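Novice: predicted model, plus sequence, below.
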Amino acid sequence: MNKRNILLGVLIFIFAVVGAKIQPNSAYMAYISKYKDLAIEQMIKYRIPASITLAQGLLESGAGKSRLTRESNNHFGIKCHGWKGRKVYHDDDRRGECFRAYPNAYQSFEDHSKFLVNSPRYNRLFKLRITDYKGWARGLKSCGYATNPRYAKMLIDVIETYNLDKYDKAKHYDKDFVKGLLKSEPVTGFQHRIYMNNKNYYIIAREGDTFKSLGKEFDESYRKLANYNDRDKHDVLHEGDIIYLRKKRTKADKKYKGFTHYVTLGESMYTIAQLYGIRLKSLYKLNDLDPRTYNIQVGDKLKVR
């Protein structure tokens, strides 16, 4: 598979581990949070361990940051080999090699699963237990998925460092947001990328977006989208607005335990609630404030958890 992507993945992995005290595993954790439900969905459909899918995606795509992934949504470095879809060309074992390109991340994960299922050389892997990630990792290497002699160990290290094997026991996944990924991350850039904050998915609005247009894009009621974001369904959206795709939580992420937010110029209770992915009324409640009488001031101290 794509050597440049694997090298990038290894460098990010090393940085994440070495720099854990500063910013714990940020690139890898963001990728895992975003694609774990999709990996579980693929596991249920095709009996490929979710941990293996995630680990391969992390290494092959450089945690989603490789050029091949950013420009063509190819998360697994799969080359053309009879591919009839859109193609892109990158240097790998040889210059200008042909790689598969996909309209979104979902199609890349789906094609990866079918690639393994439909290739006779990987048949023996499907006789392994779904929880045998070590057997799968070693089997992928011995069957020729990658030329790197350390590929199996790299997969196992990633799985064990990030406890990805816990997803191999999952029975359910977030169907709504797997469906959302099917419509997101287009190569052409005309639709929105999905990000994650406080165990919720969000997008960054562009000028001209409306709750109706976003509702159509993500197959969600525009009234619900507005409600999720403490807005009226007819509100005008502006470029840069954070729009969550499901109901926000009542407290910020655990990492903000004991944290104090100091209000800066231009902030409002609403923008602060959106920043931390919490409900507006919860932000008032956490700080024992009355929304009818409180006037926010620069320098005010606010709890977010």
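Specialist: Great, that's in hand.
Novice: can you give the contact residues for the helix or strand hosting residue 54?
Specialist: Assigned by DSSP states H and E, residue 54 belongs to helix 50-61. Helix 50-61 is contacted by residues 1-2, 5-6, 9-10, 13, 28, 31-32, 35-36, 39-40, 42-43, 64, 66, 68-69, 74-77, 109, 112-113, 133, 136-137, 140, 154-155, 158-159, 164-165, 167-168, 170 when judged by CB atoms under 8 Å, 6 or more residues apart in numbering. (Each C-beta comes from the backbone N, C-alpha and C, glycine too.)
Novice: of these, buried ones?
Specialist: Taking 16 or more other CB atoms under 10 Å as the criterion, what is buried in these is 1-2, 5-6, 9-10, 13, 28, 31-32, 35-36, 39-40, 42-43, 64, 66, 68-69, 74-77, 109, 112-113, 133, 136-137, 140, 154-155, 158-159, 164-165, 167-168.
Novice: the helices in the stretch 101-250 of the chain, which residues?
Specialist: 105-118, 133-142, 151-161, 175-182, 211-217, 222-228 (DSSP state H, counting those that start in this stretch).
Novice: in JSON lines: these, plus mean pLDDT.
Specialist: Below are the helices of the stretch 101-250 of the chain laid out as JSON lines (pLDDT from 0 to 100):
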{"stretch": "helix 105-118", "mean pLDDT": "94"}
{"stretch": "helix 133-142", "mean pLDDT": "96"}
{"stretch": "helix 151-161", "mean pLDDT": "93"}
{"stretch": "helix 175-182", "mean pLDDT": "76"}
{"stretch": "helix 211-217", "mean pLDDT": "88"}
{"stretch": "helix 222-228", "mean pLDDT": "95"}
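Novice: mind putting the ones you listed into TSV with distance to residue 252?
Specialist: Shown next, in TSV, are the helices of the stretch 101-250 of the chain (distance: least, CB to CB, whole Å):
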stretch	distance to residue 252
helix 105-118	27
helix 133-142	33
helix 151-161	26
helix 175-182	20
helix 211-217	24
helix 222-228	16
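Novice: what's around residue 169, how many residues?
Specialist: 12 (other CB atoms under 10 Å).
Novice: what angle sits between the helix or strand harbouring residue 43 and helix 151-161?
Specialist: Assigned by DSSP H and E, residue 43 belongs to helix 26-46. Calculated by axes from the mean of the first three to the mean of the last three CA atoms, to 10 degrees, helix 26-46 forms an angle of 100 degrees with helix 151-161.
Novice: average pLDDT across helix 26-46?
Specialist: For helix 26-46, mean pLDDT is 89.
Novice: now the most centrally placed residue in the chain: closest residue in space that isn't a chain neighbour?
Specialist: Most central in the chain under CA atoms, centre = their mean is residue 34, positioned 2.1 Å from the mean C-alpha point. In this structure, residue 34 finds its nearest non-sequential neighbour in residue 196, 5.4 Å apart by CB to CB, 6 or more residues apart in numbering.
Novice: and that neighbour, how close does it get to residue 114?
Specialist: Residue 196 is 26 Å from residue 114, where distance means CB to CB, to the nearest Å.
Novice: can you check residue 267 too?
Specialist: Residue 267 sits 48 Å away from residue 114, going by CB to CB.
Novice: wait, what's in contact with residue 211?
Specialist: With contacts defined as CB under 8 Å, 6+ apart, the neighbours of residue 211 are 222, 223, 225, 226, 231, 233, 234, 235, 237.
Novice: state the pair within the residues you listed that is farthest apart.
Specialist: Across the contacts of residue 211, no pair lies farther apart than 223 and 237, at 14.6 Å, counting by CB to CB.
Novice: low-confidence ranges, the stretch 151-300 of the chain, go.
Specialist: Under the criterion pLDDT under 70, the flagged ranges of the stretch 151-300 of the chain are 183-191.
Novice: circling back to that earlier point, more neighbours: residue 196 and residue 114, which one.
Specialist: Counted by other CB under 10 Å, residue 196 and residue 114 do not tie: residue 196 has more neighbours, with 17 against 13.
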